[in-house]
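# Sequence below, structure please.
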Amino acid sequence: MKTNFNHIQSIYWVFTQLCNDNCDHCYNDSSPFGKRISEKDCLAIIANLPDKIDRLILSGGEPIAEKKLLFVILDHIKERYGNSVQIMLQTNGDLLNKEVLQILIDKGVTRFDIASIDRYHKKAGSRLMELADIFESCGVNGTEKDPLLEGGHYLAENPLSWGYWGANEDMWLGGNWARGKAMKHNIWKKDPNHNFCTILSGARNFLGGYDDIPQEISIQLWRINPCCPGTHFPMGDARKQKVATVLERASKNAVFKALNDGEPLKMGESLGVNRKKAAEKNEELQNICLYCDYFLKCHKNSIFDKNGIKELP
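Predicted coordinates for the structure are as follows:
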């Protein structure tokens, strides 16, 4: 596990839950009425990010639905980090046109992921060929390769590229996470044997120490999380706390160490909850995210204090 958290490989930042779509499966409740934070909050978060970031994914909601705020964020990221961070944009593509695309490129975005080629989204992939033409017109290379994992490295070899994918029950998106509208519409994955912590955008390696996947954390609006679904209680508030400091505290807590190892059923061992007991509860709840919520709620006072995460060997 790392000891210096002022350098992190990847941050996935959902800076808005505003979206032009209203998909049944959305884990963070994005919609035309989705939650938003202010420009002031976003600038405070940028100031609290680690000194060095290799990759920043900006997502939503639909980030282009907050185009003005997105441009401000990109300008301030450029001002703080120069060209040292790879900026990736995750979008449904509905609001993307050539003019907006060129502005995004000029402001430093080098990877575009169209995350809507599935039956859940309103257009269900119908714009894919039109988007391909728009990207080609701006010199953006189309590739289906994952820039995160290609060659075992988290940076794309191509300096300007785009790709596409969509939600399905077999991957980490879709009706899997027991969160948001997926929970409300009862399309979350009911499989206690599926360990979300071990897959990309799960909690495994958020504190570092493993070489097979990048070290990545998630910031949902302002909530600092070890994973994209997010723990029931966040590790910290990126508007008010240095992200590196929050991660350092987490690295000294046995519960979050277990999540970093991709072993959520071992979260409670230091608190007297053995793996067998955890597995029985997980079997009852049918989803490891729901077990994680249950565990954190039951042991909140042992894990958190007024300053955040407690040291817990």
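
# Give me the nearest residue to Leu285, chain neighbours excluded.
Tyr291 (5.2 Å; CB to CB, 6 or more residues apart in numbering). C-beta coordinates here come from the backbone N, C-alpha and C atoms, glycine included.

# let me redo that: Asn253
Going by CB to CB, 6+ apart, Asn253 has Leu312 as its nearest residue, at 4.4 Å.

# Now for that neighbour: which residues touch it?
Counting by CB atoms under 8 Å, 6 or more residues apart in numbering, Leu312 touches 252-255, 270-271, 302-303.

# Apply 7 Å and report the result again.
Listed by CB atoms under 7 Å, 6 or more residues apart in numbering, the contact set of Leu312 reads 253-255, 270, 303.

# mind giving me TSV with the residues you listed and columns for neighbour count, pLDDT and distance to Thr91?
Listed next are the contacts of Leu312 as TSV, based on neighbours: other CB atoms under 10 Å; pLDDT from 0 to 100; distance: CB to CB, whole Å:
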residue	neighbour count	pLDDT	distance to Thr91
Asn253	24	96	35
Ala254	17	96	38
Val255	26	97	34
Ser270	16	93	41
Ile303	23	97	35
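
# Include distance to Pro214 and secondary structure when you put those residues into a markdown table, please.
Below are the contacts of Leu312 laid out as a markdown table (distance: CB to CB, whole Å; DSSP: H, G, I helix; E, B strand; the rest coil):
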| residue | distance to Pro214 | secondary structure |
| --- | --- | --- |
| Asn253 | 22 | strand |
| Ala254 | 23 | helix |
| Val255 | 22 | helix |
| Ser270 | 27 | helix |
| Ile303 | 25 | helix |
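
# Turn those into TSV, columns for distance to Asn287.
Converted to TSV, these look like this (distance: CB to CB, whole Å):
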residue	distance to Asn287
Asn253	23
Ala254	23
Val255	18
Ser270	23
Ile303	20
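
# what comes up buried for stretch 84-91?
85-91 (16 or more other CB atoms under 10 Å).

# Strands - which of those residues land there?
The strands in this structure, assigned by DSSP state E, contain 86-91 from these.

# How is this structure partitioned into domains?
Listed by automatic domain parsing, the domain ranges of the chain are 7-241, 250-309.

# What separates the first and last residues of stretch 293-306, distance-wise?
19 Å (CA to CA, to the nearest Å).

# which of the residues in that stretch are buried?
Result for stretch 293-306 [16+ other CB under 10 Å]: buried residues 293-296, 299, 302-304.

# Looking at those, which are in helices?
Those of those mapping onto helices are 293-296, 302-303, per DSSP state H.

# Do a quick rundown of the helices in the stretch 101-250 of the chain.
Counting by DSSP state H, counting those that start in this stretch, the stretch 101-250 of the chain has helices at residues 128-137, 180-184, 243-250.

# Kindly report which one of those carries the lowest mean pLDDT.
Lowest mean pLDDT within these: helix 180-184, at a mean of 89.

# So what's the gap between that helix and the chain middle?
Relative to its parent chain, helix 180-184 has a centroid offset of 17 Å by CA atoms, centre = their mean, to the nearest Å.

# Output it as PDB, nothing but the C-alphas.
The C-alpha trace of helix 180-184 is given here as PDB (Å, rounded to 0.1, in the frame of the first residue of the first chain):
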ATOM      1  CA  GLY A 180     -30.000   5.000  -7.000                       C
ATOM      2  CA  LYS A 181     -32.600   4.200  -9.600                       C
ATOM      3  CA  ALA A 182     -31.400   0.700 -10.100                       C
ATOM      4  CA  MET A 183     -32.500   0.000  -6.500                       C
ATOM      5  CA  LYS A 184     -35.800   1.900  -7.000                       C
END
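
# what's it packed up against?
The contact analysis (3 or more CB pairs under 7 Å, 6 or more residues apart in numbering; DSSP states H and E) places helix 180-184 against no helix or strand.

# Excluding its own residues, what touches that helix? List them.
Outside helix 180-184, the residues that touch it by CB under 7 Å, 6+ apart are 24-29, 175, 188.

# circling back: any idea which of the buried residues of stretch 293-306 is closest to Leu207?
Closest approach to Leu207 among the buried residues of stretch 293-306 (CB to CB): Ile303, at 15.4 Å.

# tell me which of the buried residues of stretch 84-91 is nearest to Cys228?
Relative to Cys228, and with distances defined as CB to CB, the nearest of those is Gln90, at 10.7 Å.
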